[in-house]
Structures are given as structure tokens and as C-alpha cells.
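Novice: 3D model of this:
(one chain, ligands or ions: 1)
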Amino acid sequence: MPARPSETPTPPVAPRFAALEHRPSADYRLLADRSAIILGDAHAVLESLPAGSVQTVVTSPPYWSLRDYGVPGQIGLEASVYAFIDALAELFDAVRRVLRDDGTLWLDIGDSYTSGNRGWRAPDRKNVARAMTTRPPTPEGLKEKDLIGVPWRLAFALQERGWYLRSDLVWSKPNAQPESVRDRPTRSHEYLFLLSKSPHYRYDVDAVRGPNGRRVRSVWELNTQADREASGHFATFPPGLVEPCVLLGSGPGDLVLDPFLGSGTTALVAGRLGRRFAGVELNPEYFAMSRRRLAAAGFTEEPGEPGGPAWPGRPSIGG
Ligand SMILES: C[S@@+](CC[C@H](N)C(=O)[O-])C[C@H]1O[C@@H](n2cnc3c(N)ncnc32)[C@H](O)[C@@H]1O
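Specialist: Below is the predicted model:
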């Protein structure tokens, strides 16, 4: 059963946020007491965020080699899975710098199978996000049809780089898409990892209760969910997956970060739960989507600091 928040997600006042476009001189001082979504590259933005400013991070990086989100600088298109893991591990080094010492990272990451060196992938008509037209070669050391094990490879890489790997959580999806394969079970889960910066960290064990008042367990059953405002982004988090992470890992007013914001689910949930948020997204279309989604949820958009990061013009960004 899914973990259910024991707290009702209704902040006393409508959450406010700024929508900013990253530029190299940005300092993001406004995040000391405000929320923002930022159009830019996660690495570049993280470098500009103050150290120790974030209480918890809830995020899902792109899958390796599954989607071309159509923007230069995107993570996920590396030629080898090892380069992909390295790129993500470096990114999460930067995340660790901006986390408070008692901060946590909730990391949802998808897996995939080797191509068996078939250089072609069937076109994906269902998803607006472009399907890849080619598949990368089978990674060295793996064979055709191997499950790559991306989540655990990344978890171990982060552990080696100093993160405390505290829990694997299984997101079980009862409404998972059927698959055409006939020689293995249909995949209906994803991994979510809880990692911390230090051995002792904020984890509000009483903030979320499962059925019969039980403490949160490590299998969360939750349907994938289509959201009208997020249609066009294929890989949205269900808000119910983000809620327990935010409640367990932060308190009211704390800053919650998602460096791969996509359609804005983490920002939406954090704001509704009375947390501040910072979300970074590289693709202008998805950035505009989160902006619209937050507005549709009643969040108020406010200008950035004078002299701070640029205020993106509505005509070019949309929204
Ligand atoms: C799996 S999706 C995140 C979906 C999100 N959890 C949601 O609920 O909508 C990953 C996102 O990372 C973005 N992305 C890829 N490379 C990036 C980068 N270097 N900096 C920031 N965002 C990036 C993609 O455009 C995509 O929207």
C-alpha cells in the first residue's frame, strides 16, 4: 500500500514563486526565503546555489538513452551507460554541496535493457517527447537482453562518493503498461533511493503513516497518473510519490529542490505542503509547463529580485 501523508496538504496562504532564467552571474539569494523555478542546466544552477541551503531533494533524472528531450546539454544521451552514471554522480556531488548536513536525497531512477546491438528502435507514437531513433551499443561487460541495472549502479556510485545509502524503496505500479515481451515478467516497478549527506539526518518518522497507523514501509504501491496540465511530458511523478518524501525529509518552510523538474511535480507538492521549492529544468517547453501547472494549482507567480537572475519574457518562454 502507498504511504499516505497524515498531514493535509493545504498551506495557509497560496504558495508564491518566481520563474527565472539562469545566467552565469545569478546568485539566487532570493531562495533564502522564497521559491523559484529556474530555466537552465542543473549543473550550472547548482554551482550558483549557496552551500547547505537545501533540506531535501526529490528528483527523477532522465532514463539512459530512452528519450531525446531535444535540448542541448541534457543528461541521458551519453554514448555509454558508464558515462551516464558518471555524469549523474557528478551532478549529485553538486547536489550534496547544496544540501544541509542533515539533508536527504530521494532519487527515483528508471532501468532499461541492452539493445543487443540492434541499431534501431521502434518509433514511439504515444509520447510527445521524442523517442530515440537509434539505440546505443550494448555496454561493455553486458550481453544482449541484459537488464542494465542502472538504479543500483548509480546507487553504488553515489555511495562510493560519500553518500549514505539508507534505503531502497520499490514503487510498485498496479497500472503499469503491458509489454510485448514473452520471456520475462512485465516490469511494473521502479526504484527510489533514500540517501543522506550524513549518518544522522532529518527524517520525521511520524509525519507519514501507512495503513493501520504503521510506519512507512519500503514498498509503495501507487498508480502512475496522467495530469492534464502535465500532458506532453511523458515521465511525470505521481504527486502521491513525492508527498511522503517531502513530509519525511523536511519541515514547513524548508527548501525542497528538484534539479530535473520536468513538469513541476516536486514544486507543486512541496508548495502545497507549505515548503519552499527550487526546481531546475533545461527544456523551455517543460519549464513553461511547470509554470502553467503551478498557476493552475493557485500558486502566485512573482518577479525575481532586481539585479538577480533574469525574468524570462513570457512571449519567448510561453506560460
Ligand atoms: C524524468 S524527467 C522528470 C520528470 C519530473 N519528475 C516530473 O514529475 O515531471 C527528467 C527531466 O530532466 C530534464 N533534464 C535533462 N537534462 C537536464 C539538465 N542538464 N538540467 C536540467 N534538466 C535536465 C529533462 O528535460 C526532463 O524534463
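
Novice: Count the neighbours of the closest residue to the ligand within the chain for me.
Specialist: Per CB to the nearest ligand atom, G262 is where the chain lies closest to the ligand, at 2.5 Å. C-beta coordinates here come from the backbone N, C-alpha and C atoms, glycine included. G262: 25 surrounding residues under other CB atoms under 10 Å.

Novice: ok, now G210?
Specialist: Neighbourhood size, G210 [other CB under 10 Å]: 16.

Novice: Same check on P303?
Specialist: By the measure other CB under 10 Å, the count of residues near P303 is 11.

Novice: Let me know the pLDDT of it.
Specialist: Looking at P303, its pLDDT is 80.

Novice: and it, how far is that from P199?
Specialist: 41 Å (CB to CB, to the nearest Å).

Novice: and if you look at T114?
Specialist: 36 Å.

Novice: go on, R292?
Specialist: 41 Å.

Novice: before we move on, back to that, higher neighbour count, T114 and P199?
Specialist: T114 (19 against 7).

Novice: Might you report the residue contacts of the more buried one?
Specialist: T138, P139, L142, K143, E144, K145, D146, I148 (CB atoms under 8 Å, 6 or more residues apart in numbering).

Novice: Is there a quick PyMOL command that grabs whichever of these are buried?
Specialist: Buried residues within the contacts of T114, by 16 or more other CB atoms under 10 Å, are selected in PyMOL with:
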select buried, resi 138+139+148
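
Novice: ok, which pair from the contacts of T114 is furthest apart?
Specialist: P139 and K145 (12.8 Å; CB to CB).

Novice: F277 against V256, yeah?
Specialist: Yes: assessed by CB atoms under 8 Å, F277 is found in contact with V256 at 5.0 Å.

Novice: Which neighbours do those two have in common?
Specialist: Common neighbours of F277 and V256, counting by CB under 8 Å, 6+ apart, are T266, A270.

Novice: out of these two, which sits in the busier spot?
Specialist: A count of neighbours by other CB under 10 Å puts F277 above the other of F277 and V256, at 30 against 27.

Novice: quick one, phi psi at that one?
Specialist: Main-chain torsions, F277, degrees, to the nearest 10: phi -140, psi 150.

Novice: can you offset everything so residue one is 67?
Specialist: Let's use 67 as the start, then, which means that last one is F343.

Novice: List the contacts of it.
Specialist: F343 neighbours (CB under 8 Å, 6+ apart): 81, 83, 101-103, 321-324, 332-333, 336-337.

Novice: can you do 6 Å?
Specialist: Applying CB atoms under 6 Å, 6 or more residues apart in numbering to F343 gives the contacts S101, V322, A333, A336, G337.

Novice: A155 now?
Specialist: Each residue near A155 by CB under 6 Å, 6+ apart is listed here: A223, R227.

Novice: Secondary structure of it: a helix, I assume?
Specialist: Yes: with DSSP: H, G, I helix; E, B strand; the rest coil as the criterion, A155 is part of a helix.
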